[in-house]
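>>> What follows is a predicted structure for the sequence shown.
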Amino acid sequence: MENQVIELRDVLKKRRTKNIGPLSLAIPEGYVVALVGPNGSGKSTVLNMLIQAVLPDEGDIVWFGETYAEGLPLHIRKQIGFVPEQISMEERYLTADDAAAFRSQWYDTWDGYYFDELLSKFGVPRGVKLVKMSKGERRKYEIAAALAPRPKLLLLDEPSSGLDPFAWKLMISQLRECLKGGETTILLSTHIVDEVRRLADYIVLMHYGKVLGMVEKDSLLDNWKECWVTGDAELVQELPGVVSWKPEAAGALSFVTTACVEVERILQSAGIPILKTRGLELDEVLSLWIEGHTPAENGKMERRE
Ligand SMILES: Nc1ncnc2c1ncn2[C@@H]1O[C@H](COP(=O)(O)OP(=O)(O)OP(=O)(O)O)[C@@H](O)[C@H]1O
């Protein structure tokens with residue numbers, strides 16, 4: 001059986017206007033799980049509960065097989081790298097190097113050379129206080145500082161927010177690098193479809209404080225597509241997973257399906273060519289999922305090489 005790095009068991013956080021939870025979720029070791037969902041759906045609250053910056057009102061959180069209701073012990077905290085949504089108050093008036101010197105005291109696995117290399121590659125200004133940096137520069141520092149101790153678990157709250165395209169690509173390649181050994185697990189919240197496409201193994205959808213499901217990314221993105229074929233309404237009614245369709249020019253029609261792999265198989269055996277397909281954007285996938293078009297059950301994944 002796979003090791004679960006994190007487990008949430010009926011976790012509930014009461015907020016003034018809405019509750020986040022009850023949430024039950026298991027994050028398997030060695031995978032990347034993308035938390036997606038509209039603003040205010042509870043993604044940051046989940047991530048903050050995982051470092052005990054926010055404490056749940058009910059339920060249990062299990063880290064590496066143990067619960068720690070009395071506070072996260074240092075040996076567990078040291079295995080977690082966190083990129084928060086907001087810059088921490090304690091580090092505001094420190095430079096990147098001073099903040100790193102402060103952090104490295106808590107992490108015996110802190111790799112100063114790696115941190116230095118990341119700051120240089122990202123072009124983070126040295127000698128400038130974090131509070132005086134641009135949003136993107138601070139983000140780059142946060143990513144470098146989260147990666148430097150080579151943690152087993154990386155919690156990333158919208159890590160690409162404010163990054164330019166060059167820095168974004170660098171972040172993706174560095175995260176992929178971390179995953180190579182198979183022991184690092186990443187839980188990230190994101191609104192960026194390309195980030196999900198390039199990194200995630202699983203997608204967890206949050207909506208109004210609830211988890212609507214956890215599904216394999218490949219299965220979701222391979223199956224949820226818009227297709228163009230030559231045919232009529234009768235044809236579309238025979239096809240599985242069709243959620244909408246419309247006539248197009250020259251006797252063609254387009255339809256959105258949540259079962260494209262099966263649709264392709266059926267059309268191929270009927271000798272009907274698919275003229276074109278388009279993978280849905282993340283917002284389209286989320287809207288359909290939220291409307292109740294649930295993805296197929298996820299199968300077991302092969303472990304990452
Ligand atoms: N400190 C707080 N006190 C009271 N309510 C809060 C607090 N932090 C968050 N909330 C509320 O909890 C809900 C979930 O917020 P959260 O930041 O977890 O959402 P999110 O999914 O990360 O949103 P976004 O995509 O906008 O970052 C929101 O309705 C928010 O107003």
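Looks like it arrived, so ask away.
>>> Domain-wise, how is the protein divided?
Following automatic domain parsing, one gets these domains for the chain: 4-216, 225-279.
>>> Let's have the ones you listed in JSON lines, adding mean pLDDT, mean neighbour count and distance to the ligand.
In this view, the C-beta of every residue, glycine as well, is placed from N, C-alpha and C. As requested, the domains of the chain are exported to JSON lines (pLDDT from 0 to 100; neighbours: other CB atoms under 10 Å; distance: least, CB to the nearest ligand atom, whole Å):
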{"stretch": "domain 4-216", "mean pLDDT": "94", "mean neighbour count": "18", "distance to the ligand": "3"}
{"stretch": "domain 225-279", "mean pLDDT": "93", "mean neighbour count": "15", "distance to the ligand": "23"}
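>>> Quick one: the helices in the stretch 1-150 of the chain, in order.
Along the stretch 1-150 of the chain, counting by DSSP state H, counting those that start in this stretch, helices occupy 43-49, 74-77, 96-104, 112-122, 135-147.
>>> ok, residues contacting the longest one?
To tie it back to what came earlier, the one meant is helix 135-147. Outside helix 135-147, the residues within contact range by CB atoms under 8 Å, 6 or more residues apart in numbering are 81-84, 87, 96, 99-100, 103, 114-115, 118-119, 122-125, 128, 130, 133, 154, 156, 159-164, 167, 171, 174, 178.
>>> Tell me which of the helices of the stretch 1-150 of the chain lies nearest to Tyr208.
Nearest of the helices of the stretch 1-150 of the chain to Tyr208, taken as CB to CB: helix 43-49 at 12.0 Å.
>>> Can you name every helix or strand that the closest one contacts?
strand 4-14, strand 19-28, strand 32-36, strand 153-157, strand 185-189 (3 or more CB pairs under 8 Å, 6 or more residues apart in numbering; DSSP states H and E).
>>> CA atoms only: put the longest one into PDB for me.
Same thing as strand 4-14. Only the C-alpha atoms of strand 4-14 are listed here, as PDB (Å, rounded to 0.1, in the frame of the first residue of the first chain):
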ATOM      1  CA  GLN A   4       0.200   8.700   2.900                       C
ATOM      2  CA  VAL A   5       2.200  11.700   3.700                       C
ATOM      3  CA  ILE A   6      -0.800  13.700   4.900                       C
ATOM      4  CA  GLU A   7      -4.300  12.600   5.900                       C
ATOM      5  CA  LEU A   8      -7.200  14.800   6.800                       C
ATOM      6  CA  ARG A   9      -9.900  13.100   8.700                       C
ATOM      7  CA  ASP A  10     -13.200  15.000   8.900                       C
ATOM      8  CA  VAL A  11     -11.300  18.200   9.400                       C
ATOM      9  CA  LEU A  12     -13.500  21.300  10.000                       C
ATOM     10  CA  LYS A  13     -12.400  24.900  10.400                       C
ATOM     11  CA  LYS A  14     -15.200  27.300  11.400                       C
END
